[in-house]
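Participant: 3D model of this:
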Amino acid sequence: HIKATKGVIIASGGFASDIEFRKKYDSRLTESVLSTNKPFATAEVLKAAIDIGADTQDLSYIQTGAWACPDETGYGVGPQFSEYIVFQYGIIIDPKTGKRFVNELSDRKTLSDALFKRGHPCIGIADTTAVTRSGWNIDVAIKKGVVQMFNSIEEIAHYYQIHSSDLKSTIAFFNKNCSKGKDSEFEKPILKNAKPIEKAPYYTMRLWPKVHFCMGGLKINTKAEVLGTKKTPIRGLYAAGEVTGGVHGASRLGSCSITDCIVFGRIAGHNAAKHT
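Facilitator: Residues are numbered from 1 along each chain as shown. This is a model prediction of the structure:
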């Protein structure tokens, strides 16, 4: 038994790897959806707090990363290609239709929801010009087989069993819009240094969301005190970071979780230290 003389701060993180717990709040997040987190990102401490009367908020708000690749575990190396090359300069196509279906520069939730709606992994495509202009080195991703390299559009179509004519038509239409600087199909912003997808070799990667961050968790107030189900603070109990809910809304902006941890971590620490 460890007895706290001032207070207890819960900073146990999210539950991205707790399949059974997350499925309760988002039925899409089955075993087929991997996590970018470590295996120990589970809900034990969160559930223990609930058991003593702690209230929760937004548990169904679970963020997935649309830039993830199902052909590797964890966060992986694929996102360097998808997020900074495909989304910026390339396109995502549904292998069953050979067509685009989303603005590749949409926010994380919009992209993930669009992929889940397809019901299967989709394909991100970019060319050599895009890789060069991005400034990112994808050698490791290619070596690991996460990113594939092809000499022609026909090779891509054959590899993923896509109708070649559909894929060529999709790329040709995007290239036409790219040259005009305006995406008339999905209103994706065309970057100033973007060029049509036409210079081999071409690069591809399978895309399927992975659970990345849990916006929901323990309900806290501005003092980082954990609130009970009767909306009053549980004496001596504080929480900070991903274990808390209500800080980020339905879709956390990238990097903001670090600020969350620092700000509420300091508030929780100060208040626990002066607790009597």
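Participant: now do the strands in the stretch 1-150 of the chain.
Facilitator: 8-10, 56-57, 62-65, 91-94, 99-100, 122-127, 148-150 (DSSP state E, counting those that start in this stretch).
Participant: closest one to residue 214 among the ones you listed?
Facilitator: Using Cβ to Cβ as the measure, strand 62-65 is the one of the strands of the stretch 1-150 of the chain that comes nearest residue 214, at 5.4 Å. For every residue, glycine as well, the C-beta is placed using N, CA and C.
Participant: still on that earlier bit, quick one: which of the strands of the stretch 1-150 of the chain is nearest residue 217?
Facilitator: strand 56-57 (6.5 Å).
Participant: hang on, the earlier thing: so which of the strands of the stretch 1-150 of the chain gets nearest residue 107?
Facilitator: Residue 107 lies closest to strand 62-65 among the strands of the stretch 1-150 of the chain, at 10.1 Å (Cβ to Cβ).
Participant: residue 4 against residue 235, yeah?
Facilitator: No. The criterion here is Cβ atoms under 8 Å, and residue 4 misses it with residue 235 at 11.2 Å.
Participant: what do those two both touch?
Facilitator: Common contact partners of residue 4 and residue 235 (Cβ atoms under 8 Å, 6 or more residues apart in numbering): none.
Participant: my guess is residue 246 contacts residue 219. True?
Facilitator: Yes. Using Cβ under 8 Å, residue 246 is in contact with residue 219, at 6.2 Å.
Participant: which residues do these two both contact?
Facilitator: Common contacts of residue 246 and residue 219, defined by Cβ under 8 Å, 6+ apart, comprise residue 57.
Participant: I'd like to know how far the residue nearest to residue 250 when sequence neighbours are not counted sits from residue 266.
Facilitator: Leaving aside its sequence neighbours, residue 250 sits nearest to residue 61 (Cβ to Cβ, 6 or more residues apart in numbering; 5.1 Å). As judged by Cβ to Cβ, to the nearest Å, residue 61 and residue 266 stand 24 Å apart.
Participant: show me which of the two is the more surrounded one.
Facilitator: The residue with more neighbours, out of residue 61 and residue 266, is residue 61; 21 against 12, by other Cβ atoms under 10 Å.
Participant: backbone phi and psi for the more buried one, please?
Facilitator: With angles defined as degrees, to the nearest 10, residue 61 sits at phi -90, psi 90.
Participant: before we move on, the earlier item: so what's the residue nearest to residue 250 up against?
Facilitator: Residue 61 sits in contact with 214, 215, 216, 245, 248, 249, 250, 251, where contact means Cβ under 8 Å, 6+ apart.
Participant: export those residues to JSON lines and tack on pLDDT and neighbour count?
Facilitator: Below are the contacts of residue 61 laid out as JSON lines (pLDDT from 0 to 100; neighbours: other Cβ atoms under 10 Å):
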{"residue": "214", "pLDDT": "97", "neighbour count": "31"}
{"residue": "215", "pLDDT": "96", "neighbour count": "23"}
{"residue": "216", "pLDDT": "97", "neighbour count": "27"}
{"residue": "245", "pLDDT": "96", "neighbour count": "22"}
{"residue": "248", "pLDDT": "92", "neighbour count": "20"}
{"residue": "249", "pLDDT": "90", "neighbour count": "10"}
{"residue": "250", "pLDDT": "88", "neighbour count": "12"}
{"residue": "251", "pLDDT": "86", "neighbour count": "14"}
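Participant: need the max-distance pair from the residues you listed.
Facilitator: The distance between the two most remote of the contacts of residue 61 (Cβ to Cβ) is 13.6 Å, for 245 and 251.
Participant: separation between the closest residue to residue 217 other than its chain neighbours and residue 202?
Facilitator: Spatial nearest neighbour of residue 217, chain neighbours left out: residue 245 (3.9 Å); criterion: Cβ to Cβ, 6+ apart. Per Cβ to Cβ, residue 245 is found 43 Å from residue 202.
Participant: ok, residue 94 next?
Facilitator: For residue 94, the distance to residue 202 - Cβ to Cβ - is 17 Å.
Participant: quickly list what's touching both of residue 245 and residue 251.
Facilitator: Joint contacts of residue 245 and residue 251 (Cβ under 8 Å, 6+ apart) are 61, 215.
Participant: please, where are all the helices along the stretch 151-276 of the chain?
Facilitator: Taking DSSP state H, counting those that start in this stretch, the helices of the stretch 151-276 of the chain run over residues 153-160, 164-180, 256-273.
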